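>>> sequence and predicted model, in that order:
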Amino acid sequence: MSTFVVVGAGLAAAKAVEELRDAGFDGSVVLYGAEPHRPYERPPLSKGYLLGDDELDSAFVHPETWYDDHGVELRLGTEVTGIDTTGRTVTAGGQQQPYDRLLLATGATPRHLAMADDSGVEVAYLRTMEDSRRLKGSFTEGGRIVIVGGGWIGLEVASAARKAGAEVTVLESLELPLVRVLGPEVAQVFADLHREHGVDLRTGIEIAEFAREGQRSVVRLGDGASLDTDLVVVGIGVTPNTALAERAGIDTDNGVLVDEGLRASAPGVLAAGDVANEQHPTLGRRVRVEHWDTAIEQGKAAAHSMLDEPVSYDRLPYFFTDQYDLGMEYVGSVGPDGYDEVVLRGDTSAAGGRTFTAFWLGRGRVLAAMHANDWDATDHLRGLVGREVDVPRLRDASVPLDDLARFRVRRVRLLDTGFVHSEVAPWTRPVPRGVVSKKTGGV
Ligand SMILES: Cc1cc2nc3c(=O)[nH]c(=O)nc-3n(C[C@H](O)[C@H](O)[C@H](O)COP(=O)(O)OP(=O)(O)OC[C@H]3O[C@@H](n4cnc5c(N)ncnc54)[C@H](O)[C@@H]3O)c2cc1C
């Protein structure tokens with residue numbers, strides 16, 4: 001009987017073991033997790049739970065009994081410390097576990113800011129349930145929170161802290177938050193959103209020092225400004241957990257390098273989720289995606305690859321965020337060559353309800369698309385990404401998106417690889433709480 005081992009009990013791992021059983025795999029499945037919890041989803045840690053809308057328990061991927069019921073041996077609180085790729089064993093807690101297939105789903109770890117960690121100032125990061133509980137407990141009416149980093153995590157924490165009545169300052173070194181992902185046109189919308197909700201958003205800043213002076217915690221900026229704070233939250237990105245793979249001699253470079261079947265360089269070893277750096281068949285370059293949808297879909301795809309079925313993981317990157325009354329979804333990838341133009345349809349202002357769609361165009365195609373608060377647009381956006389589009393009609397907001405998607409685009413080869421864009425899967429994300437859905441008439 002075959003034994004499949006999965007390292008890292010996060011979302012990608014949970015979806016992989018579920019898919020193995022759904023696909024009829026009847027061998028042994030062993031799932032190792034360094035955290036004490038069974039697999040859970042992380043988005044609620046900065047949204048539903050942190051906002052006080054949901055219980056933390058709702059984040060678990062499966063009910064507690066699911067693993068026993070499906071013959072998945074869950075070894076929690078157990079870090080895998082070694083892999084012997086020749087003998088096909090992993091080492092954990094001093095014990096050796098043989099495998100026929102091994103899936104690395106070890107995720108990522110927040111980047112630390114040593115100058116803050118070593119300063120004596122209270123510093124928090126957000127990755128785990130414990131981190132989220134601690135943060136939530138520290139949000140008080142009038143409490144002073146300084147957030148370092150205007151990325152997704154920093155801005156979602158800002159939104160939750162404002163809801164709790166805290167005074168929030170966000171420090172961003174670039175000219176706008178999220179500008180690397182969204183470009184200045186759309187990043188400005190997020191800057192306005194936060195300022196309108198009372199966040200003191202400071203951009204283009206340099207931090208000179210974090211200091212503990214008696215009972216005071218102070219953040220000093222390069223421009224001479226000084227901020228008193230009760231807590232510093234650092235959200236400056238993550239690094240993939242590749243140390244285990246590196247020690248085993250598996251090829252890594254900004255993640256575990258995998259092919260389109262999510263296979264790593266060692267026989268029988270695969271990777272999925274935040275840790276996987278895939279040679280993406282339709283994008284034609286390596287991508288490592290740190291998002292919920294990729295963890296789910298790569299987890300499932302990896303299961304089929306473990307079963308030696310042919311797999312070509314060509315799903316486009318997708319992510320979402322909810323901040324205040326703005327819910328957004330983004331699909332596609334602009335890539336290292338950037339974009340030529342952004343087309344905005346709808347109204348990006350607060351007065352207009354910030355209901356809009358945005359399209360990043362480059363090399364004659366739609367490279368990426370997003371909507372804010374326009375839940376009817378989601379399927380059309382996914383249909384347009386990767387395709388040539390009639391740009392004047394795209395700019396003309398009176399032309400319905402489904403006209404553009406259905407009649408005015410033609411399938412194109414994205415690359416010379418011979419693959420065509422084959423996305424058909426519907427988006428599965430539920431409309432978030434508090435965001436008005438045109439589909440349902442409100443949630
Ligand atoms: C607060 C927060 C909010 C987010 N919100 C969004 C969102 O709104 N939208 C979105 O698209 N994405 C969001 N994400 C990103 C999304 O949650 C991640 O992309 C997803 O969790 C990745 O899943 P994973 O299974 O690859 O890795 P992880 O969830 O990181 O799981 C990996 C697990 O492996 C364990 N592990 C590591 N090494 C070992 C080892 N050697 N032995 C045993 N176990 C090990 C780790 O402890 C961890 O539990 C958010 C992330 C965070 C932190």
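Good, I have the coordinates.
>>> which residue packs closest to residue 157, ignoring adjacent ones?
Among residues not flanking residue 157 along the chain, residue 233 sits closest, at 5.4 Å (CB to CB, 6 or more residues apart in numbering). From N, CA and C alone the C-beta is placed, and that goes for glycine too.
>>> go on, residue 312?
residue 260 (4.7 Å).
>>> before we move on, what about residue 31?
residue 6 (4.8 Å).
>>> so the one you found touches residue 32, yeah?
Yes: applying CB atoms under 8 Å as the test, residue 6 and residue 32 come out as touching, 7.1 Å apart.
>>> the residue nearest to residue 157 touches residue 154, doesn't it?
Yes: counting by CB under 8 Å, residue 233 does reach residue 154; the two are 7.1 Å apart.
>>> report the set of residues contacting both of these two.
147-148 (CB atoms under 8 Å, 6 or more residues apart in numbering).
>>> follow-up on the earlier one: helix or strand for the residue nearest to residue 157, which one?
Assigned by DSSP states H and E, residue 233 falls within strand 231-234.
>>> packing partners of that strand?
strand 123-124, strand 144-148, strand 216-221 (3 or more CB pairs under 8 Å, 6 or more residues apart in numbering; DSSP states H and E).
>>> neighbouring strands - and their directions - for it?
strand 123-124 (parallel), strand 144-148 (parallel) (DSSP bridges).
>>> ok, then the element right after the longest one?
Of the helices and strands lying after strand 144-148 in sequence (DSSP H and E), the nearest is helix 152-163.
>>> can you give the distance from that following helix to the centre of its chain?
Relative to its chain's centre, helix 152-163 lies at 15 Å (CA atoms, centre = their mean, to the nearest Å).
>>> what angle do that helix and strand 144-148 make?
Calculated by axes from the mean of the first three to the mean of the last three CA atoms, to 10 degrees, helix 152-163 forms an angle of 170 degrees with strand 144-148.
>>> neighbouring strands - and their directions - for the helix or strand following helix 152-163?
Next helix or strand after helix 152-163 toward the C-terminus (DSSP H and E): strand 167-172. Here strand 167-172 has these sheet partners by DSSP bridges: strand 144-148 (parallel), strand 200-203 (parallel).
>>> who wins for proximity to the ligand among the helices and strands packed on strand 231-234?
strand 123-124 (11.6 Å; CB to the nearest ligand atom).
>>> and the contacts of that closest one?
Here strand 123-124 has contacts from 113, 116-117, 131, 134-135, 138, 210, 231-234, using CB under 8 Å, 6+ apart.
>>> between those residues, which is closest to residue 84?
residue 131 (33.0 Å; CB to CB).
>>> contacts only, for the residue nearest to the closest one when sequence neighbours are not counted.
Leaving out its chain neighbours, the residue that sits closest to residue 131 by CB to CB, 6+ apart is residue 125, at 6.0 Å. Residue 125 makes contact with 110, 112, 131, 233-235 under the criterion CB under 8 Å, 6+ apart.
>>> how about 7 Å then?
110, 131, 234 (CB atoms under 7 Å, 6 or more residues apart in numbering).
>>> from these, pick the one nearest residue 256.
residue 110 (18.8 Å).
>>> dig out what the closest one forms beta bridges with.
residue 238.
>>> would you agree it is in contact with residue 117?
No: Residue 110 is beyond contact range of residue 117, at 11.2 Å (criterion: CB atoms under 7 Å).
>>> higher neighbour count, these two?
residue 110 (19 against 14; other CB atoms under 10 Å).
>>> and the more buried one, what does it touch?
125, 127, 238.
>>> let's go with 8 Å and repeat that
125-127, 234-238.
>>> do the same with residue 359
Per CB under 8 Å, 6+ apart, neighbours of residue 359: 342-343, 345, 366, 368-369, 384, 389, 394.
>>> rerun at 10 Å
Residue 359 is in contact with 332, 339, 341-345, 366-370, 381, 384-385, 389, 391, 394-395, 401, 404, counting by CB atoms under 10 Å, 6 or more residues apart in numbering.
>>> likewise residue 26?
With CB under 10 Å, 6+ apart, residue 26 has these contacts: 1-2, 20, 71.
>>> what residues are up against the residue in the stretch 301-443 of the chain that the ligand sits nearest to?
Going by CB to the nearest ligand atom, the ligand is nearest to residue 319 of the stretch 301-443 of the chain, at 3.7 Å. Residues near residue 319 by CB under 10 Å, 6+ apart: 43, 152, 181, 289-294, 328-331, 370, 429.
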